[in-house]
Every structure is written in structure tokens, then in C-alpha cells.
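S.K.: following is a predicted model, sequence given first.
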Amino acid sequence: MSENSTVKVVQGVSGDVRDKGSDKVFVPYLYAGPQHSLRDISVKSIKDLQKGVRDGSIRFKLRTASAQVEGGVHGLHS
């Protein structure tokens, strides 16, 4: 960079967020996410998940972004 060049910095938006109440309102939503994910893989608890991973009955596969897109719904016209 030369002395005459300028660096452009993106300016962010700042502001205040009003108090929306107690965090306890959001706890059920935070709990529901992992609960639904465990239900999707037919596991009843985190302990059962850990046990299954250790004994090899539950396995995970790494999928690329393109593989995830390819695995989506195909040929659906609305």
C-alpha cells in the first residue's frame, strides 16, 4: 500500500435492543432443538447417544455442501 491509498472500512449498524423479558421464555425453544434431533435418530437421551457412539451403533458421516444439496428434494414442481 502506498501512503496515498485509502482503506475503506465497512460501517456497521449500532443500536439498542429493548428488554424483551426473562430468558426463561427461551429455554423451552433451546431444549426443543436437541430433543427433535435426538428423536430424528431414534435416541431417547444424551447418555444413550454417547453410549451408541462409543459402542458403534450410532455413526456419523461427513457430507459436503454439494452432497447435502444433492440429497434434497428433486423434481418437485409447485
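M.R.: Sure thing, it's come through.
S.K.: for the lengthiest helix in the chain, C-alpha coordinates in CSV please.
M.R.: Counting by DSSP state H, the longest helix found in the chain is helix 27-40. C-alpha atoms of helix 27-40 as CSV (Å, rounded to 0.1, in the frame of the first residue of the first chain):
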residue,chain,number,x,y,z
VAL,A,27,-35.4,-22.1,27.5
PRO,A,28,-38.1,-24.4,26.0
TYR,A,29,-37.0,-23.4,22.5
LEU,A,30,-33.4,-24.1,23.3
TYR,A,31,-34.4,-27.5,24.7
ALA,A,32,-36.6,-28.4,21.7
GLY,A,33,-33.8,-28.3,19.1
PRO,A,34,-31.7,-31.1,20.5
GLN,A,35,-34.8,-33.0,21.6
HIS,A,36,-36.1,-33.1,17.9
SER,A,37,-32.6,-34.0,16.6
LEU,A,38,-32.4,-37.0,19.1
ARG,A,39,-35.9,-38.0,18.1
ASP,A,40,-34.8,-38.0,14.4
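S.K.: tell me which residues are up against that helix.
M.R.: Helix 27-40 has contacts (CB atoms under 8 Å, 6 or more residues apart in numbering) with 44-46, 49. Every residue, glycine included, has its C-beta placed from N, CA and C.
S.K.: please redo it, this time with the cut-off set to 7 Å
M.R.: With CB atoms under 7 Å, 6 or more residues apart in numbering as the test, helix 27-40 has contacts from residue 49.
S.K.: helix or strand right after that helix?
M.R.: helix 46-55 (DSSP states H and E).
S.K.: next, the angle from that following helix to helix 27-40.
M.R.: Calculated by axes from the mean of the first three to the mean of the last three CA atoms, to 10 degrees, helix 46-55 forms an angle of 40 degrees with helix 27-40.
S.K.: show me what counts as buried in helix 46-55.
M.R.: residue 49 (16 or more other CB atoms under 10 Å).
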